[in-house]
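S.K.: Below: sequence and its predicted model.
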Amino acid sequence: MTRMLASVVDQRELALAVEARVDIIDLKNPQDGALGALPIETICNLVTQCAGRRPVSATVGDLPADPSRMAQAIERTGATGVEYVKIGFFCRDRLTECLQAIQKLASKHCLIAVLFADLDSPTDRLIEFASAGFHGVMVDTAIKGAGGLLHHMDQQQLREFIEEAKSLGLLTGLAGSLRAEDIPQLLPLMPDYLGFRGALCDLTERTARILPHHLQEIRNAVAMPVSGKQENGYQALPHGY
């Protein structure tokens with residue numbers, strides 16, 4: 001079953017996401033880039049507010065390919081108590097060095113690699129992330145407003161990405177300016193989750209506030225299996241998901 005991830009920025013939005021029975025709560029700052037990081041204190045407060053009702057992920061920011069900076073950011077973010085730490089790989093530069101620096105942290109934290117469909121990002125090197133102990137990989141877009149995920153990768157490319165990642169035992173996610181009309185095209189690919197921000201917000205602007213009716217619309221669409229039978233309610237994620 002494909003689940004829904006919603007990116008939130010504050011206590012109000014987190015409460016709305018929990019009420020809408022979103023499967024995964026993601027903490028990031030859309031004002032500060034594709035994977036902008038919230039302050040560590042804010043992340044801690046939101047994890048406390050969530051109180052284990054949903055799994056929580058958090059981004060470490062739009063970092064350069066600097067092994068030391070990545071490792072430090074992962075340590076700080078992982079210490080907040082989030083279930084998943086999301087790290088962006090915006091290019092192929094120094095990938096081996098970065099993964100070597102990060103690998104020792106994979107036993108302490110569930111790491112999710114975020115790769116980018118609109119950049120020269122290492123989407124074809126999934127085995128290296130699996131070998132480094134990553135828990136999952138997802139495809140996103142880095143340049144917001146320059147076309148969503150399906151503008152940069154077609155269904156066959158995404159299917160191949162998901163199938164390879166799953167064969168390596170990796171959790172799979174798709175995001176990147178996704179809209180409601182994209183959901184019926186992406187559900188048959190069976191990613192583990194679809195991630196949303198802009199589609200949930202006022203005027204579909206990712207830096208605006210989340211609106212409850214947009215949130216519920218997307219939640220209902222993701223919960224509609226390919227067969228067309230509506231799923232009802234939140235289902236707990238399997239252990240280690």
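M.R.: It's in.

S.K.: Report how many residues lie close to Pro122.
M.R.: Using other Cβ atoms under 10 Å, Pro122 has 20 neighbouring residues. C-beta coordinates here come from the backbone N, C-alpha and C atoms, glycine included.

S.K.: residues contacting the spatially closest residue to it that is not a sequence neighbour?
M.R.: Leaving aside its chain neighbours, Pro122 sits nearest to Arg92 (5.0 Å; criterion: Cβ to Cβ, 6 or more residues apart in numbering). Applying Cβ atoms under 8 Å, 6 or more residues apart in numbering to Arg92 gives the contacts 120-122, 125.

S.K.: mind showing which ranges of this protein have poor pLDDT?
M.R.: The model of the chain has pLDDT under 70 over residues 225-241.

S.K.: As a check, name the ranges of all strands in it.
M.R.: Using DSSP state E, the strands found in the chain span residues 3-8, 24-27, 56-59, 84-88, 110-116, 136-140, 171-174, 193-196.

S.K.: Nearest to Val18, out of those strands?
M.R.: Nearest of these to Val18, taken as Cβ to Cβ: strand 24-27 at 7.3 Å.

S.K.: quick revisit: can you redo the strands of the chain as CSV with distance to Gln72 and mean neighbour count?
M.R.: Converted to CSV, the strands of the chain look like this (distance: least, Cβ to Cβ, whole Å; neighbours: other Cβ atoms under 10 Å):
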stretch, distance to Gln72, mean neighbour count
strand 3-8, 23, 25
strand 24-27, 18, 25
strand 56-59, 15, 26
strand 84-88, 12, 25
strand 110-116, 14, 23
strand 136-140, 21, 25
strand 171-174, 24, 24
strand 193-196, 25, 27
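
S.K.: Pull out the buried residues from the contacts of Arg92.
M.R.: For the contacts of Arg92, a burial check counting by 16 or more other Cβ atoms under 10 Å picks out 121-122, 125.

S.K.: And the helices in this structure, which stretches?
M.R.: 11-19, 40-50, 67-78, 95-103, 126-131, 149-152, 155-167, 183-186, 212-222 (DSSP state H).

S.K.: Out of those helices, the one nearest Met138 is which?
M.R.: helix 155-167 (9.0 Å).

S.K.: list the helices and strands the closest one packs on?
M.R.: Packing partners of helix 155-167 (3 or more Cβ pairs under 8 Å, 6 or more residues apart in numbering; DSSP states H and E): helix 126-131, strand 136-140, strand 171-174, helix 183-186.

S.K.: For the ones you listed, give me CSV that also has distance to Gly147.
M.R.: CSV is the format used below for the helices and strands packed on helix 155-167 (distance: least, Cβ to Cβ, whole Å):
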stretch, distance to Gly147
helix 126-131, 23
strand 136-140, 13
strand 171-174, 15
helix 183-186, 15
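
S.K.: Tell me the spacing between the residue nearest the centre of the chain and Asn45.
M.R.: Nearest to the geometric centre of the chain sits Gly195, at 5.5 Å (Cα atoms, centre = their mean). Between Gly195 and Asn45 the computed distance is 22 Å (Cβ to Cβ, to the nearest Å).

S.K.: Same check on Phe89?
M.R.: From Phe89 to Asn45 the distance is 28 Å (Cβ to Cβ).

S.K.: which of those two has more neighbours?
M.R.: For the pair Phe89 and Asn45, the greater number of neighbours falls to Phe89 (24 against 16), based on other Cβ under 10 Å.

S.K.: which residues does that one contact?
M.R.: Shown in contact with Phe89 (Cβ under 8 Å, 6+ apart): 65, 95, 98, 113-116, 121-122.

S.K.: just to revisit the earlier point, which member of the buried ones among the contacts of Arg92 is positioned nearest Gly173?
M.R.: The closest of the buried ones among the contacts of Arg92 to Gly173 turns out to be Ser121 (Cβ to Cβ; 14.3 Å).

S.K.: Report the contact partners of the closest one.
M.R.: 89-92, 115, 142.
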